[in-house]
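> Below is the sequence, then the predicted model.
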2 protein chains.
Amino acid sequence: MPGIIKERLFTPGPTPLLMEAQARTLTAANVHHRTEAFRRIMAETLELLKYYFNTKNDVLVFASSGTGAMEGAVSNLISPGERILVGTAGKFGERWLGLAEAYGIEAVKVESPYGGPVDIEAMKQKLASEGPFRAVYIQATETSTAVMNDVQSLGEAVKNYPATCLVVDAITGLGTTDLRPDEWGLDIVIGGSQKAVMIPPGLAFASISEKAWGLIAQAKLPRYYFDFAKERKNQAKGETAYTPATTLIISLHAALEYIKQLGRENLIANAALLASLTREAAQALGLRLFAARSPANAATAVCAPEGMDSGAIIKELRNRFGAIVANGQGSMKGKIFRLAHLGYYDVVDLFAVLAALEIVLLKLGYKVELGSGVRAAQEAYMHQAV
Amino acid sequence: MPGIIKERLFTPGPTPLLMEAQARTLTAANVHHRTEAFRRIMAETLELLKYYFNTKNDVLVFASSGTGAMEGAVSNLISPGERILVGTAGKFGERWLGLAEAYGIEAVKVESPYGGPVDIEAMKQKLASEGPFRAVYIQATETSTAVMNDVQSLGEAVKNYPATCLVVDAITGLGTTDLRPDEWGLDIVIGGSQKAVMIPPGLAFASISEKAWGLIAQAKLPRYYFDFAKERKNQAKGETAYTPATTLIISLHAALEYIKQLGRENLIANAALLASLTREAAQALGLRLFAARSPANAATAVCAPEGMDSGAIIKELRNRFGAIVANGQGSMKGKIFRLAHLGYYDVVDLFAVLAALEIVLLKLGYKVELGSGVRAAQEAYMHQAV
């Protein structure tokens, strides 16, 4: 039926845009970044980012994807010859290893199987027995497997090492997960714009604790564009060392105002509700959840039925219903599909994609009682929502 | 749960906007209407409107709501002392009677009960026995009751009267209903911008046959702003007699390009599919359809359960899910709610609002098997769509 098919993102980044925030950029086409007007926007945005990050620490903004700030969290903290500890259970955990390798830094790793969280006890043991480590790296939520890590426990442990920082990739964790950087000792927390903050790709964020600033002052790895100390000096004045992505920052400002109005905790609760409803629906449809333990709120990874390529589900969802859903990455490709909940999604979006998914599964030959996944989500909604 | 709630229009006007068409206006902020650039846009838009209307007749555009063109279809056709025939079965049919009264024109009416179509046989009889009438007025689809009228039969009948025109309010009929003005003898067909054409309110359209132009030349009722002959002369040159609503015309141009690409017949089939799925869902939920016969594709009017005010359903849909649905008008208020299908809606939108509706009905105390309405729509989709 060549009727109307609307494109709808259900991917864990980019995520649906808050159009009010996009609209704000239209009236700012002629803003120059070296002006008082822009400095005021930048300063307000940095304050709003502190609210979003739930921290009193400095938060810096970079014109880059999240990976840029991840690189900065290596190059700004470490000196040649120092060692780091990495917890990994997915493609994004492995990115920390790739960064260490690129800079010639020895990384000791705790590698947990895909589909489960990083073994935090094992990390604590290595901290105690195989140190010293200048920094410990982990994901708050591992997007590739849709698993949440216990960064609180890890933070409490790292606190005991005055010369060791904890770096948390919270690119999909922010706005979906309760994170308390100051209380838990998350020294550097990293975010990106195309996630729960509801704006397009192009900005990376990093919150940096006083403890981290102390270590940054000593660190000798080379850095230039992602020089945290240089940016700190500039951003304290509402400036940036290099040309900022002005329209993205204007969008960010507007989106963070929306999030502040909604409430950070409500944004997180929204993702948690959607994730929980999705798990109920998947199980009602007889589908296995890829994350058996500690599933993330940011996204839900669902296993394709036995013998079915998840790519076929994704293709049919896209062609038939315009619903864009993520495949698995690397070895998980073809095995899982991932439905995102981070940012500007509501329960109505979820009901919609579940109804579409049921039809797609049936069309692909999987036995589905139509409406049963939607019903499971509706019932969970009835129990959880007022 | 104070989470994210997106506002979603399900009303039969305004309807969801095609954002690509809205975006087009942003680059045209400085267009002046007395320029070659705008004349080209206007001329192309009028050609695209002929495609949309499925006619070779002139189509005129007015900066007004649809009612303005309805008024024009009275004031341009009739002379004092002449009589008209009006078919009515709802609030919009009654608007023709109001217009006749405002101009002091005697209207003979065929009034059929709300919830059914106008009795076309009765109109034919009156045409034969109570004439002469200068014009016959009817709706293609009566939006207040969500009923479709058989304008084809009426057109075939009016064709036999050389000095009588047929005027069809197709404000919600265009883009939702198979209409063939040239073949069926629909002399004047009226449309509005905030309907299936997917742009905001503010424009009215009227297609006018050669037969109608002949009568317009003789008609003596007063008119100035809605002077069809004056506009015809101007619009033939890509001009308008008075300042055109430039941004709306630029949106219209873009939206009509989208519709041409999609295909007029596919746009109509899309509304027909959504209407049919909605009827299946309503009946599966044990809800009565207000239009027992000849339901429109433009919208579906559903009766609230016995003893429940439809206003409560509408309020809860809006507050809980951001879904904006129309109440009944006049005596139907509180008794029905109307789900629209005209324009930029897809099946995923429908699944979404049905899931929300089920929860709302259950919350309001109506016994609903959650998922059963969605399932009925899904099953109908499986049967009807490829």
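Good, I have the coordinates.

> and A:A163, how far is that from chain B?
42 Å (CB to the nearest CB, to the nearest Å). In this view, the C-beta of every residue, glycine as well, is placed from N, C-alpha and C.

> again with A:Y344
Per CB to the nearest CB, A:Y344 is found 6 Å from chain B.

> what about that residue, how many neighbours?
A:Y344 has 23 neighbouring residues, counting by other CB atoms under 10 Å in any protein chain shown.

> tell me which element it falls in.
Assigned by DSSP states H and E, A:Y344 belongs to neither a helix nor a strand.

> Tell me which other helices or strands the worst-scoring helix or strand of chain A on mean pLDDT touches.
Counting by mean pLDDT, DSSP states H and E, chain A has its least confident helix or strand at helix A:19-26, which shows a mean of 91. The contact analysis (3 or more CB pairs under 8 Å, 6 or more residues apart in numbering or on different chains; DSSP states H and E) places helix A:19-26 against helix A:246-262.

> by how many degrees do the helix it packs on and helix A:19-26 diverge?
Between helix A:246-262 and helix A:19-26, the angle comes out at 140 degrees (axes from the mean of the first three to the mean of the last three CA atoms, to 10 degrees).

> and helix A:246-262, what's its mean pLDDT?
Throughout helix A:246-262, pLDDT has a mean value of 97.

> That helix: which residues count as buried?
Residues of helix A:246-262 classed as buried: A:246-259 (neighbour count, 16 or more other CB atoms under 10 Å in any protein chain shown).

> Also stretch A:378-385?
A:Q378, A:E379, A:A380, A:Y381.

> ok, and what's touching the host helix or strand of the last one?
Read it as A:Y381. Assigned by DSSP H and E, A:Y381 belongs to helix A:372-384. Here helix A:372-384 makes contact (CB atoms under 8 Å, 6 or more residues apart in numbering or on different chains) with A:273, A:276-278, A:280-285, A:347, A:350-351, A:354-355, A:357-358, B:1, B:351, B:355, B:358-359, B:362-363, B:369-372, B:374-375.

> Would you mind listing which of those are buried?
Neighbour-count burial (16+ other CB under 10 Å) is assigned, among the contacts of helix A:372-384, to A:273, A:276-278, A:280-282, A:284-285, A:347, A:350-351, A:354-355, A:357-358, B:351, B:355, B:358-359, B:362-363, B:370-372, B:374-375.

> ok so, going back, centre of the chain to the helix holding A:Y381, how far?
The chain centroid and the centroid of helix A:372-384 are separated by 26 Å under CA atoms, centre = their mean, to the nearest Å.

> That helix to helix B:372-384, inter-axis angle?
With the same axes, to 10 degrees defining the directions, helix A:372-384 sits at 160 degrees from helix B:372-384.

> Helix A:372-384 - what's its average pLDDT?
Helix A:372-384 comes out at a mean pLDDT of 97.

> What is the neighbour count of whatever residue of the stretch 51-200 of chain A ends up closest to chain B?
Closest approach between the stretch 51-200 of chain A and chain B, counting by CB to the nearest CB: A:M198, at 9.4 Å. Look at A:M198: counted by other CB under 10 Å, it has 30 neighbours.

> Look up how far A:P117 lies from it.
According to CB to CB, to the nearest Å, A:M198 stands 27 Å off from A:P117.

> got the angle between the top helix by length along chain A and helix A:246-262?
Across chain A, the longest stretch assigned as helix under DSSP state H is helix A:264-284. Angle of helix A:264-284 versus helix A:246-262, following the same axes, to 10 degrees, is 90 degrees.

> Run the contact check for whichever helix or strand comes after helix A:264-284 versus chain B.
Moving toward the C-terminus from helix A:264-284, the next helix or strand (DSSP H and E) is strand A:299-303. No: counting by CB under 8 Å from any CB of the partner chain, chain B has no neighbours in strand A:299-303; the shortest distance is 15.9 Å.

> In terms of secondary structure, what does strand A:299-303 contact?
Counting by 3+ CB pairs under 8 Å, 6+ apart, the packing neighbours recorded for strand A:299-303 are helix A:264-284, strand A:336-340.

> what's the average pLDDT for the shortest one?
It stands for strand A:336-340. If you average the pLDDT values across strand A:336-340, you get 98.

> Grab the CA positions of the helix or strand just after that strand and hand them over as PDB.
Of the helices and strands lying after strand A:336-340 in sequence (DSSP H and E), the nearest is helix A:347-363. Extracted C-alpha coordinates of helix A:347-363, given in PDB (Å, rounded to 0.1, in the frame of the first residue of the first chain):
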ATOM      1  CA  VAL A 347       4.100   5.900  25.700                       C
ATOM      2  CA  VAL A 348       2.100   6.600  22.600                       C
ATOM      3  CA  ASP A 349       5.200   6.300  20.500                       C
ATOM      4  CA  LEU A 350       5.800   2.900  22.200                       C
ATOM      5  CA  PHE A 351       2.300   1.600  21.600                       C
ATOM      6  CA  ALA A 352       2.700   2.600  18.000                       C
ATOM      7  CA  VAL A 353       5.900   0.800  17.300                       C
ATOM      8  CA  LEU A 354       4.800  -2.300  19.200                       C
ATOM      9  CA  ALA A 355       1.700  -2.600  17.000                       C
ATOM     10  CA  ALA A 356       3.900  -2.200  13.900                       C
ATOM     11  CA  LEU A 357       6.400  -4.800  15.300                       C
ATOM     12  CA  GLU A 358       3.700  -7.400  15.800                       C
ATOM     13  CA  ILE A 359       2.500  -7.100  12.200                       C
ATOM     14  CA  VAL A 360       6.100  -7.300  10.900                       C
ATOM     15  CA  LEU A 361       6.800 -10.400  13.000                       C
ATOM     16  CA  LEU A 362       3.600 -12.000  11.700                       C
ATOM     17  CA  LYS A 363       4.400 -11.100   8.100                       C
END
